[in-house]
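Peer 1: only the shape, not the letters, is given here:
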């Protein structure tokens, strides 16, 4: 009995201490550490503001700010004054403005050259240069010539009896002006052989051309051209024959209300300017060329008349 009593079991009791609530734990320490850190950063910022100059603060701001944008005052005054982004391209400060010259100003070389070309000393005003006037005049003339070409083609289409002669008319714009050529083709001649008077088809074509160019004010030149064959008939040379044909064309144009003052030149070129040099006797070399001349460029203001 005694031995059994002495061998009693050993009981170990674990006692859990009461927590006393969550506010007695360690979570508050984390919040307190965050608060202390924030206060330290705030006082450090205040110290930096008081110890740095405006130029130094501006340099710090520019270091952290994007280089491609500009800034204006955010509206907060005093120590909390800052900068904000704007579209004006100029940075403004609260105490003193910052010159916008910190951003380079670029000027197009083409614009600068145009300004130098167009600026004159006449009364301190800008006037177009001669080159600009020439370009504008050329554009206007080209447009007028293009409309004249269209009008002539349309007038020929409206006349069935000469619509088939559209291939006998060649029109092109040249540096000299608008050249309208009435050429012979195989089986479709504009003149009878050795004769200066145009046939009926040529007369109708000349009448159509005259009706269109009479609405313009350009000066006119008329030239006659022959092929390389002998003239025959009553003319001794192709120069005489071509000059006579050009003169007949002049009479028809003047009969369509084109004043003689617009006729600048009437000439006979004979076979000196063949349209087809490789074949001097080709019918296409026989033609009448009517040219609407471009306007003569104006004389400079300081030009002096020639004296003998």
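Peer 2: Received the coordinates, thanks. In this text the structure is predicted, and so the values were computed from the model without any measurement. Numbers count the residues shown, from 1 in each chain.

Peer 1: tell me what the helix ranked longest in the chain is packed against?
Peer 2: For the chain, the helix that runs over the most residues, judged by DSSP state H, is helix 130-157. The contact analysis (3 or more Cβ pairs under 8 Å, 6 or more residues apart in numbering; DSSP states H and E) places helix 130-157 against helix 109-118, helix 160-163, strand 169-173, strand 177-183, helix 200-213. For glycine as for every other residue, the C-beta is placed from the backbone atoms N, C-alpha and C.

Peer 1: rerun at 10 Å
Peer 2: For helix 130-157, the elements it packs on are helix 109-118, helix 160-163, strand 169-173, strand 177-183, helix 200-213, strand 287-293, judged by 3 or more Cβ pairs under 10 Å, 6 or more residues apart in numbering; DSSP states H and E.

Peer 1: right, so of these, which gets closest to residue 138?
Peer 2: strand 169-173 (10.1 Å; Cβ to Cβ).

Peer 1: need the contact partners of the closest one.
Peer 2: 141-142, 145-146, 148-150, 152-153, 156, 162, 178-183, 205, 208-209, 275, 284, 287, 289-290, 292, 294 (Cβ atoms under 10 Å, 6 or more residues apart in numbering).

Peer 1: could you rerun that using 7 Å?
Peer 2: Residues outside strand 169-173 that contact it (Cβ atoms under 7 Å, 6 or more residues apart in numbering) are 142, 145, 149, 152, 178-183, 205.

Peer 1: then stretch 193-207?
Peer 2: 162, 165, 169, 182, 190-192, 231-233, 235, 241, 244-245, 248-249, 252-253, 256.

Peer 1: taking these one by one, which sit in strands?
Peer 2: Mapping the contacts of stretch 193-207 onto strands (DSSP state E) picks out 169, 182.

Peer 1: so, low pLDDT: which residues of this structure?
Peer 2: 1-6, 14-25, 62-128, 297-308 (pLDDT under 70).

Peer 1: which residues in it form helices?
Peer 2: So, for the chain - with DSSP H - the helices run 2-6, 27-51, 54-64, 109-118, 130-157, 160-163, 200-213, 238-254.

Peer 1: tell me the angle the third one makes with helix 27-51.
Peer 2: Right, the one you point to is helix 54-64. 130 degrees (axes from the mean of the first three to the mean of the last three Cα atoms, to 10 degrees).

Peer 1: buried residues in helix 54-64?
Peer 2: Judged by neighbour count (16 or more other Cβ atoms under 10 Å), helix 54-64 contains these buried residues: residue 58.

Peer 1: what's it packed up against?
Peer 2: Here helix 54-64 touches no other helix or strand, going by 3 or more Cβ pairs under 7 Å, 6 or more residues apart in numbering; DSSP states H and E.

Peer 1: run the last query once more with 10 Å
Peer 2: helix 27-51, strand 70-73, strand 83-86.

Peer 1: give me the buried positions along the longest one.
Peer 2: Buried residues in helix 27-51, counting neighbours by 16+ other Cβ under 10 Å, are absent.

Peer 1: so what does it touch, helix or strand wise?
Peer 2: Helix 27-51 packs on helix 54-64, going by 3+ Cβ pairs under 10 Å, 6+ apart.

Peer 1: I'd like the helices of the chain laid out as TSV, including distance to residue 221.
Peer 2: Shown next, in TSV, are these (distance: least, Cβ to Cβ, whole Å):
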stretch	distance to residue 221
helix 2-6	152
helix 27-51	86
helix 54-64	72
helix 109-118	33
helix 130-157	15
helix 160-163	24
helix 200-213	12
helix 238-254	9
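
Peer 1: among these, which is nearest residue 174?
Peer 2: Among the helices of the chain, helix 130-157 sits nearest to residue 174 (Cβ to Cβ), with 9.8 Å.

Peer 1: what's the angle from the closest one to strand 169-173?
Peer 2: If you take the same axes, to 10 degrees, helix 130-157 sits at 160 degrees to strand 169-173.

Peer 1: coming back round to it: for the contacts of strand 169-173, which one is nearest residue 40?
Peer 2: Closest to residue 40, out of all of those and judged by Cβ to Cβ, is residue 142, at 79.5 Å.

Peer 1: doesn't residue 178 make contact with that closest one?
Peer 2: Yes - with contact defined as Cβ atoms under 10 Å, residue 142 counts as touching residue 178 (9.0 Å).

Peer 1: quick check: neighbours shared by those two?
Peer 2: residue 294.

Peer 1: could you measure from residue 206 over to residue 182?
Peer 2: Separation of residue 206 from residue 182 (Cβ to Cβ, to the nearest Å): 7 Å.

Peer 1: which residues are common contacts for those two?
Peer 2: Counting by Cβ under 10 Å, 6+ apart, the contacts common to residue 206 and residue 182 are 190, 198, 249, 288, 290.

Peer 1: of all the residues you listed, which comes closest to residue 266?
Peer 2: Nearest to residue 266 among the shared contacts of residue 206 and residue 182, with distances taken as Cβ to Cβ, is residue 249, at 8.2 Å.
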